[in-house]
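Student: everything below, folded, please.
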Amino acid sequence: MPAGEPANLQEVFLRAKEQHGAQLISYIGVDGAEQTNSLSDLFQQSGSIALHLRQAGLRAGDKALFLLEDTAEFVP
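Tutor: Prediction:
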């Protein structure tokens, strides 16, 4: 891996937050409702989800299956 490049997905998200944290991402639900989050918000929420998964016993390298009704649930 080239020097200075992110080594894992967490580092990719951290770099995105640092460089583009105020950038917004919008989701359009099946009912047409729009939900908007900043990259900083997504980073914080993903950390919370990761913590809960670790507390439930999931470890690095484990496989997990997520069954979600819409993408806004997967990407908070």
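Student: just the pLDDT for Ala72.
Tutor: Turning to Ala72, the model gives it a pLDDT of 63.
Student: for this structure, just list every one of the helices.
Tutor: According to DSSP state H, the chain carries its helices in the segments 9-20, 39-55, 71-74.
Student: can I get those in JSON lines with mean neighbour count and distance to Leu65?
Tutor: Backbone N, C-alpha and C define where each C-beta goes, glycine included. Shown next, in JSON lines, are these (neighbours: other CB atoms under 10 Å; distance: least, CB to CB, whole Å):
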{"stretch": "helix 9-20", "mean neighbour count": "13", "distance to Leu65": "17"}
{"stretch": "helix 39-55", "mean neighbour count": "14", "distance to Leu65": "12"}
{"stretch": "helix 71-74", "mean neighbour count": "12", "distance to Leu65": "12"}
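Student: can you put these in a markdown table and add distance to Gly61?
Tutor: Output for the helices of the chain, formatted as a markdown table (distance: least, CB to CB, whole Å):
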| stretch | distance to Gly61 |
| --- | --- |
| helix 9-20 | 13 |
| helix 39-55 | 12 |
| helix 71-74 | 20 |
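Student: which of the ones you listed sits closest to Gly29?
Tutor: Among those, the nearest to Gly29 by CB to CB is helix 71-74 (6.7 Å).
Student: okay, now the unreliable bits of the chain?
Tutor: Applying pLDDT under 70 to the chain flags residues 1, 70-76.
Student: next, name the residue at the spatial heart of it.
Tutor: Ser46 (4.3 Å; CA atoms, centre = their mean).
Student: looking at the helices of the chain, which is closest to Ala33?
Tutor: Closest among those, using CB to CB: helix 71-74, at 9.5 Å.
Student: and of the helices of the chain, who's closest to Ser26?
Tutor: Closest of the helices of the chain to Ser26 is helix 71-74, at 9.7 Å (criterion: CB to CB).
Student: wait, doesn't Gly21 sit right on Leu42?
Tutor: No - the criterion here is CB atoms under 8 Å, and Gly21 misses it with Leu42 at 9.5 Å.
Student: give me the nearest residue to Ser40, chain neighbours excluded.
Tutor: Nearest non-adjacent residue to Ser40, counting by CB to CB, 6 or more residues apart in numbering: Gly21, 3.9 Å away.
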